[in-house]
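1. Return atomic coordinates for the entry below.
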Amino acid sequence: MATARDSDDSTASESESSEESDELSDGQAVGAAASQQNAQVPMPANGRPFRWQLCSGKSWKNIENDHIIEINYCLPHAKGITIYNTPYGEVRIDFSRMRILKKNLKVRRLDDGRSKWIWYCMLSRKWKSYGHKDAKGNSTPKSEAIESSFQRNPRSSFPFNIGSETFEINFREMKQEGQKKKRQVRRRPVYRPVQQQARGSQGARQNLPLV
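-> Below is the predicted model of the structure:
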C-alpha cells in the first residue's frame, strides 16, 4: 500500500536565486520529455484518459488510484508528489523532470491523446494561464495556439507580441523570454476524471498500491 503527499512551489519568502534554479531544472528536462513524445509509448487501457506507471527496470506497473497523482499534476504550482509505503519505500515524483528522485526507478504518464493542455507563466510569484489580459488590457496568446506550436516541434520556440513588446516561449528551456527578463513557464493538463473511479471525497493522503 502507499500514501501520497503533494509538493508545492517555493513560497513568496524564498529568494529569486532559488526560483531561477527551478527554472533551469525545468528547462533541462524538456529535451527528454520531447524525445519521449516521439517514442512509441502505449495508450492507457480500458478507455482511461491517463495512466501513471512505475518501472524498476523489469516492467511497467500501474499505480492504482493514480487519479490522486493526476489531480496534483494538473495544478501548475505542484512541483511533485511523494508516495509512501510502496514496495520501493518512499517514492518522490518530480513532475517537471518526470522522474523519480534518489531511486533507481522510472515514472511515466500515459495519455490518450485527448488531453487539453494549459500553459502557465510565473508572474508576481503566481502561476497565470496564458490567454488573460495584462494590466494595460493587452491579451496574451491562448494556450491552444502555444500547444499547437509545441506539438509541431517541442524543441522550437513560440514568438508573440503583447502590445508593442515582443516575447518568445522557449520550449526547450520552458521559459518566456522578453527584452527585460525571463519567466518560468509550465504546461499542465486539465483534469479529466476516470469514469469508473469512486466519486467520494479524497484527502491529501491516499492509498496508492501498485498493480
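2. Worst mean pLDDT across the helices and strands of the chain, which element?
-> Counting by mean pLDDT, DSSP states H and E, the chain has its least confident helix or strand at helix 16-38, which shows a mean of 42.
3. for whichever helix or strand comes after that helix, what is the average pLDDT?
-> Next helix or strand after helix 16-38 toward the C-terminus (DSSP states H and E): strand 50-55. Across strand 50-55, the average pLDDT comes to 97.
4. Which parts of the protein are strands?
-> Taking DSSP state E as the test, the strands found in the chain are 3-8, 50-55, 60-62, 78-86, 89-94, 99-100, 106-111, 117-123, 126-129, 157-162, 165-170, 175-177, 182-189.
5. who does the residue nearest the centre of the chain bridge with?
-> The centroid of the chain falls nearest to R188 when counting by C-alpha atoms, centre = their mean (4.6 Å). Counting by DSSP bridges, R188 forms beta bridges with I118.
6. Could you list the domains of the chain?
-> 3-111, 117-189 (automatic domain parsing).
7. What's the local residue count around R152?
-> Neighbourhood size, R152 [other C-beta atoms under 10 Å]: 9. All C-beta spots, glycine's among them, are computed from the backbone N, C-alpha and C.
8. again, but for the one 3 residues further on
-> Here the count is done by other C-beta under 10 Å, and R155 has 12 residues near it.
9. That one reaches R172, doesn't it?
-> Yes - here R155 reaches R172: they are 5.5 Å apart, a contact under C-beta atoms under 8 Å.
10. Phi, psi for the spatially closest residue to T140 that is not a sequence neighbour please.
-> Counting by C-beta to C-beta, 6 or more residues apart in numbering, T140 lies nearest to Y130, which is 4.9 Å off, once chain neighbours are set aside. Backbone geometry at Y130, expressed as degrees, to the nearest 10, gives phi -70, psi 150.
11. which residues sit in contact with Y130?
-> If you count contacts by C-beta atoms under 8 Å, 6 or more residues apart in numbering, Y130 has them with 118-121, 140-143, 146.
12. 6 Å - rerun?
-> For Y130, the contact set (C-beta atoms under 6 Å, 6 or more residues apart in numbering) comprises 119, 140-141, 143.
13. and which of the residues you listed is nearest to S96?
-> Within those, the smallest distance to S96 is 14.2 Å, found for W119 (C-beta to C-beta).
14. which residues sit in contact with that closest one?
-> 130, 143, 146, 187.
15. And for V190?
-> Applying C-beta under 6 Å, 6+ apart, the residues contacting V190 are K116.
16. Can you tell me how far it is from K116?
-> Applying C-beta to C-beta, to the nearest Å, the value for V190 to K116 is 4 Å.
17. Same question for Y130.
-> 13 Å.
18. Please apply the same query to I63.
-> Going from I63 to K116 by C-beta to C-beta gives 23 Å.
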